[in-house]
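Trainee: Show me the folded form of this:
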Amino acid sequence: MAEKKLAGQSALVTGASSGIGEGVALALGEAGANVVVNYNSNADAANIVVEKIKAFGSNAIAIQVDVSKEEAVQAMFKQMFEEFGTIDILVNNAGLQKDAKFDEMTLEQWQMVIDINLTGQFLCAREAIREFLRRGPVPERSLATGKIICVSSVHELIPWAGHVNYASSKGAIKMLMQSLAQEYGDRKIRVNSICPGAIQTPINRAAWETPQALNSLMSLIPYNRIGQPSDIGKLAVFLASDDSDYITGTSTFIDGGMTVFEGFATGG
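Mentor: Down below sits the predicted model:
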């Protein structure tokens, strides 16, 4: 049985009905946190995640919200506080891709990705920080007053042709995260980013679902395996726990070595 490092704490994970968000929500629940499973459209999938978390002995609820909508986000936090009293951990995970060649990209494709991936993180982080400041520290639960984990990407570092809107949103998340860590560090609010590489989730199915695609992907990953949502979940538990109390303002890449640019091993 997993150690209950987050016992008594309450977490909100956005985009938690599948993929990385699901992996993180399950890991936090297994570590003892009560979890809000935010989702955009798939209620059945979100409720399955809730039941899995409850099976660990933690509490969980599912809340449907488009994180790019200010009033909806505020209502989600109000519902969370009514259910769990407060928030200790925010995992800003919700994100999507709307890929296109840049010269063919529409304003709608650009705006949707920025609205969900970046503005959604702003809105959720703002509500969490307001609550952290209102409530103040609770030393018996955590050394930090509050923890925010931004789910970014290796593409906050690696440019990505054909995905300019996505890469731009992730680069901006890096500065959002670091600026918040700088602004609120003296209030013992820790803000960090997780930067996944290739993770086996529905959003990138085309990259791994055939042997040919998976083999091609491995040419980018020195460690020679695709990541799993549970890999991200374990890192999220660490960053949300007191084990990482001196870590803030940091991007942690979890990518099997993708950011060492394996293509240059035999070239360059």
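Trainee: Am I right that Val36 is in a strand?
Mentor: Yes. Checked against DSSP: H, G, I helix; E, B strand; the rest coil, Val36 lies within a strand.
Trainee: Please verify my assumption that it contacts Thr86.
Mentor: No. Contact criterion Cβ atoms under 8 Å: Val36 and Thr86 do not qualify, at 11.7 Å. From N, CA and C alone the C-beta is placed, and that goes for glycine too.
Trainee: all strands of the protein, in order?
Mentor: Ranges of strands within the chain are 10-13, 34-39, 60-64, 89-92, 146-151, 189-196, 251-254, based on DSSP state E.
Trainee: nearest spatial neighbour of Ile149, skipping sequence neighbours?
Mentor: Nearest non-adjacent residue to Ile149, counting by Cβ to Cβ, 6 or more residues apart in numbering: Val91, 4.7 Å away.
Trainee: Would you confirm that that neighbour contacts Ser152?
Mentor: No. Counting by Cβ under 8 Å, Val91 does not reach Ser152; the two are 11.8 Å apart.
Trainee: Between these two, tell me which one has more neighbours.
Mentor: A direct count of neighbours by other Cβ atoms under 10 Å for Val91 and Ser152 places Val91 higher, at 32 against 28.
Trainee: Would you map the helices across the stretch 1-150 of the chain?
Mentor: 19-30, 43-55, 70-84, 107-114, 120-135 (DSSP state H, counting those that start in this stretch).
Trainee: Who are the packing partners of the second one?
Mentor: This means helix 43-55. When contacts are defined as 3 or more Cβ pairs under 8 Å, 6 or more residues apart in numbering; DSSP states H and E, helix 43-55 sits against helix 19-30, strand 34-39, strand 60-64.
Trainee: List the contacts of stretch 120-128.
Mentor: Outside stretch 120-128, the residues within contact range by Cβ atoms under 8 Å, 6 or more residues apart in numbering are 12, 14, 67-70, 73-74, 77, 87, 90, 92, 94-95, 146, 148, 150, 173, 176, 180, 191.
Trainee: how far out from the middle of the chain is that stretch?
Mentor: Relative to the chain's own centre, stretch 120-128 is displaced by 12 Å; criterion: Cα atoms, centre = their mean, to the nearest Å.
Trainee: And for stretch 169-180?
Mentor: Its chain's C-alpha centre and that of stretch 169-180 lie 13 Å apart, by Cα atoms, centre = their mean.
Trainee: Can you give me the buried ones in it?
Mentor: When burial is assessed from 16 or more other Cβ atoms under 10 Å, stretch 169-180 yields the following buried residues: Ser169, Lys170, Gly171, Ala172, Ile173, Lys174, Leu176, Met177, Gln178, Leu180.
Trainee: which residue packs closest to the third one, ignoring adjacent ones?
Mentor: The spatially closest residue to Gly171, leaving aside those adjacent along the chain, is Glu156, at 5.1 Å (Cβ to Cβ, 6+ apart).
Trainee: ok, that neighbour to Leu176 distance?
Mentor: Distance from Glu156 to Leu176, counting by Cβ to Cβ, to the nearest Å: 10 Å.
Trainee: Over to Phe238?
Mentor: 21 Å.
Trainee: And for Leu6?
Mentor: Taking Cβ to Cβ as the measure, Leu6 falls 24 Å from Leu176.
Trainee: before we move on, what about Val260?
Mentor: Distance of Val260 to Leu176, computed by Cβ to Cβ: 25 Å.
Trainee: okay, now the closest residue to Leu176 other than its chain neighbours: neighbour count?
Mentor: Among residues not flanking Leu176 along the chain, Gln121 sits closest, at 6.2 Å (Cβ to Cβ, 6+ apart). Neighbour count for Gln121, taken as other Cβ under 10 Å: 29.
Trainee: Tell me the confidence at Gln121?
Mentor: Gln121 is assigned 99 on the pLDDT scale.
Trainee: mind checking how far Asn40 is from Ser216?
Mentor: 30 Å.
Trainee: To clarify, my last question referred to Asn47.
Mentor: Counting by Cβ to Cβ, the gap from Asn47 to Ser216 is 36 Å.
Trainee: Settle it for me: which of the two has more neighbours?
Mentor: Using other Cβ under 10 Å, the more surrounded residue of Asn47 and Ser216 is Asn47, with 16 against 12.
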